[in-house]
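Trainee: quick one: sequence and predicted model below, then my questions.
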Amino acid sequence: MSFKETDFTGTIGFLKSLLANQKDPILFRAMVEKLVNIYDQLPVYPGLVNMCIGQAQKAVEPKDLKRGQKVFVTTDTGYVSGIVAKTGNYLHLKNTLVVTEEKNTELDFGEIKQVASINDNVVEDLWPSLVFDKEQK
Amino acid sequence: MKLNIKKGDFYLLEGPAKAKVDSGLVECIAAPVAKGESVNVPVGKKVPLLGIKATNVTIDCKDSQIHKLEKSTIPAEWDELANSIIKDKKKGQLYKILVLGEVDTGKTFFSTYLANRLLSKIGKTAILDTDCGQSDIGCPGCFGMLVLKKPEVFLTELEPTHQYMLGAHSSGLHFAPALTGLVYMLNKAEKDADALIIDTTGWVQFDGGRTIKKAKLDIVNPDKVVLMQRGNELEHLVKHLPKEKVVRLPVSKKASATSQMDRKSLRELVSRRYFKGAKEFKIPFKQVYTDRCFFKTGTRIPLPDTLWAEKLSGFEGTLVITEKPLSDSFKKNWPKELGTIRNFIAGNEKGLFIGLLNENQDLLAVGRLVAFDFNDEKFIIQSNYKGDKKNIKGIQFGSLKMTKEGNEAGFLEPGSF
């Protein structure tokens, strides 16, 4: 087994926890960007990268928001992110990105730019010698 | 079939085959094969037969497996190198040769050839196989060293003189044990041998390959570094070395590529031999020290709803072994003074590749962890260890998992328990 020779495996742990707990896809992406950004700053201190990214996300009260602040908002219908433009009775955001959850969606082929899917068998395809029959154990 | 080999004739024999010398003398990978002796060639292997005298051989294989070649495929430089080593060797000093090459460049074949050549001239010659993914000496997942008693053709069939468990098929993420193992084996060779040939992995490029190879070069400080290269793919590793230390050998055209599935099959073939007939037995927790793990290195504490709990050193937290993942209430009520929870779910240890060690941390045998038995506080182990169980003083945990037959069954993440 040995011990972990690098704290970077802790980064995978962070990503696992993000995957399990973060439902907001915009915030998910922003956190991954932040992780990469911290890594670029501290490439030889993976333990500190993990410590910092673990504390990067914080909850903010709507009344405490300030102009110019980048925020990620969860609503009843989905997720919104943007820059705080104005606060008061309403939260005014600019440069917004909105993700909504729908049961079904229809798309006209004409409006599709690109389609991607994930190969679930990529390990089997590239490294078949490292795929094990769990029943064998 | 009968084959008459004239002096100087060169044949290539493809396995599976058996060649028995009825009269005369042939040489196979620089190992003399005399009247009454035979060579067994396993499936997937090819060996050269060189007539030293006019020789009659009985060969058990199909005609298509015997190829007469116009001349030897062994480059003349190999013998020139052997002769120069014999000339350079100083009495009382271990002569160290480090063999570098990408995968499938014939490093093991060359190492065997050179060892056989040196054996009669230099004295005790050892080969250290550090390629845990394609082990020719010892069990896959281990470094194996063989101090030759006589010239040999296939090292795989021989019992290694020393083994060191790496616990993985690659030194990637096991750098520390890989380098510790190298030092361990060097110390053994200093006592046991006059010459040491170190056969290395084919990992020679990018960050990991460069790091481990440079470290090996620095640790070994070899008398000769042999580069087996097709082009200049190894030159970056020896820029710092004096010219006279580096020998460049062309890769034999007969060196053939092995697919990853064939590599796995060959690994498992060897590994199964180490587990064939392996018996299950128990070793009390209190009999042994543990190595490369947190388990049994801290202070045991009573904790409800756990199979085992121990407070680890300083800020390492607490190892908690449970039957099921921890409940939310368990985590909520976790005492702060116990630090981080390191949870391991019992059962995930099943099949883990382990080393059984003596009091000096020498590897007595490899084995497989069947389970932790927390009721009796014992390790349930499957191994071919034949000695007195009381001599087992330590258990070293690997990262590989094996089936009871010795086939590969996956991995356990380092640091899991």
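Mentor: Alright, I've got the coordinates. Numbers count the residues shown, from 1 in each chain, chains lettered A, B, ... in the order given.

Trainee: looks to me like A:Y79 is in a helix.
Mentor: No: assigned with DSSP: H, G, I helix; E, B strand; the rest coil, A:Y79 falls outside any helix and is strand.

Trainee: for it, give the beta-bridge partners.
Mentor: A:T74, A:V99 (DSSP bridges).

Trainee: so B:D9 sits against B:H67, correct?
Mentor: No: look at B:D9 against B:H67 with CB atoms under 8 Å: they stay out of range, at 11.7 Å. No exception for glycine: its C-beta is placed from N, CA and C like everyone else's.

Trainee: okay, these two: which has more neighbours?
Mentor: Comparing B:D9 with B:H67 by other CB atoms under 10 Å in any protein chain shown, the one with more neighbours is B:D9, at 18 against 13.

Trainee: over to B:G133. Which of the three states is it?
Mentor: coil.

Trainee: residues in contact with the residue nearest to it when sequence neighbours are not counted?
Mentor: The spatially closest residue to B:G133, leaving aside those adjacent along the chain, is B:H169, at 3.9 Å (CB to CB, 6 or more residues apart in numbering or on different chains). If you count contacts by CB atoms under 8 Å, 6 or more residues apart in numbering or on different chains, B:H169 has them with B:C132, B:G133, B:P140, B:G141, B:R267, B:L400.

Trainee: now chain A, which segments are flagged as low pLDDT?
Mentor: Along chain A, the model assigns pLDDT under 70 to residues A:134-137.

Trainee: in it, which spans are helices?
Mentor: With DSSP state H as the criterion, chain A has helices at A:8-21, A:25-41, A:46-54, A:122-126.

Trainee: what's the answer for the stretch 201-350 of chain B, then?
Mentor: B:206-220, B:260-275, B:328-332 (DSSP state H, counting those that start in this stretch).

Trainee: out of those, which is closest to chain A?
Mentor: Nearest of those to chain A, taken as CB to the nearest CB: helix B:260-275 at 4.0 Å.

Trainee: what does that closest one contact?
Mentor: Contacts to helix B:260-275, defined as CB under 8 Å, 6+ apart, come from residues A:127-129, B:44, B:133-135, B:139-141, B:156, B:169, B:258, B:366, B:368, B:382, B:384, B:402, B:404-408.

Trainee: 7 Å - rerun?
Mentor: With contact meaning CB atoms under 7 Å, 6 or more residues apart in numbering or on different chains, helix B:260-275 is reached by A:127-129, B:133-135, B:139-140, B:156, B:366, B:368, B:384, B:402, B:405-408.

Trainee: equivalent analysis for stretch B:361-370, please.
Mentor: Defining contact as CB under 7 Å, 6+ apart, one finds that stretch B:361-370 is touched by B:139, B:142, B:163-165, B:274-275, B:280, B:349-358, B:379-385, B:387, B:391-392, B:394, B:402, B:404.

Trainee: and it, which residues are buried?
Mentor: B:D362, B:L363, B:L364, B:A365, B:V366, B:G367, B:R368, B:L369, B:V370 (16 or more other CB atoms under 10 Å in any protein chain shown).

Trainee: render the CA-only coordinates of it in PDB, please.
Mentor: Taking C-alpha atoms only, stretch B:361-370 is exported to PDB below (Å, rounded to 0.1, in the frame of the first residue of the first chain):
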ATOM      1  CA  GLN B 361      12.800  -6.400   7.600                       C
ATOM      2  CA  ASP B 362      14.100  -9.000   5.200                       C
ATOM      3  CA  LEU B 363      11.300 -10.400   3.000                       C
ATOM      4  CA  LEU B 364      10.600 -14.000   4.100                       C
ATOM      5  CA  ALA B 365       7.800 -14.500   1.500                       C
ATOM      6  CA  VAL B 366       5.100 -12.700  -0.300                       C
ATOM      7  CA  GLY B 367       1.500 -13.300   0.500                       C
ATOM      8  CA  ARG B 368      -2.100 -12.100   0.200                       C
ATOM      9  CA  LEU B 369      -4.200 -10.500   3.000                       C
ATOM     10  CA  VAL B 370      -7.400 -12.400   3.100                       C
END
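
Trainee: returning to that earlier point: need the helices of the stretch 201-350 of chain B in a markdown table (columns: mean pLDDT).
Mentor: Putting those into a markdown table (pLDDT from 0 to 100) gives the following:
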| stretch | mean pLDDT |
| --- | --- |
| helix B:206-220 | 97 |
| helix B:260-275 | 92 |
| helix B:328-332 | 95 |
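
Trainee: circling back to that earlier point, out of the buried residues of stretch B:361-370, who's nearest B:D79?
Mentor: For the buried residues of stretch B:361-370, the residue nearest B:D79 by CB to CB is B:L363; the value is 35.3 Å.

Trainee: list phi and psi for that closest one.
Mentor: phi -80, psi 120 (degrees, to the nearest 10).

Trainee: confirm B:L182 sits in a helix?
Mentor: Yes: residue state for B:L182 (three-state DSSP) corresponds to a helix.

Trainee: burial count for it?
Mentor: Count around B:L182 with other CB under 10 Å applied: 22.

Trainee: now it: how far from B:K393?
Mentor: Distance of B:L182 to B:K393, given as CB to CB, to the nearest Å: 23 Å.

Trainee: now do the host helix or strand of B:D22: which elements does it pack against?
Mentor: Taking DSSP states H and E as the definition, B:D22 sits inside strand B:17-23. Counting by 3 or more CB pairs under 7 Å, 6 or more residues apart in numbering or on different chains; DSSP states H and E, the packing neighbours recorded for strand B:17-23 are strand B:38-41, strand B:55-60.

Trainee: pull the contacting residues for the spatially most central residue of chain A.
Mentor: By CA atoms, centre = their mean, chain A has its centre lying nearest to A:F28, at 1.9 Å. By CB under 7 Å, 6+ apart, A:F28 lies in contact with A:L18, A:Q22.

Trainee: if we go to 8 Å?
Mentor: A:F28 sits next to A:L18, A:L19, A:Q22 when contact means CB under 8 Å, 6+ apart.

Trainee: quick one: it and chain B, what's the gap?
Mentor: 23 Å (CB to the nearest CB, to the nearest Å).

Trainee: neighbours of the residue nearest to B:Q287 when sequence neighbours are not counted, how many?
Mentor: Excluding the flanking residues, the one nearest B:Q287 by CB to CB, 6+ apart is B:I392, at 7.0 Å. Counted with other CB under 10 Å, the neighbours of B:I392 add up to 23.
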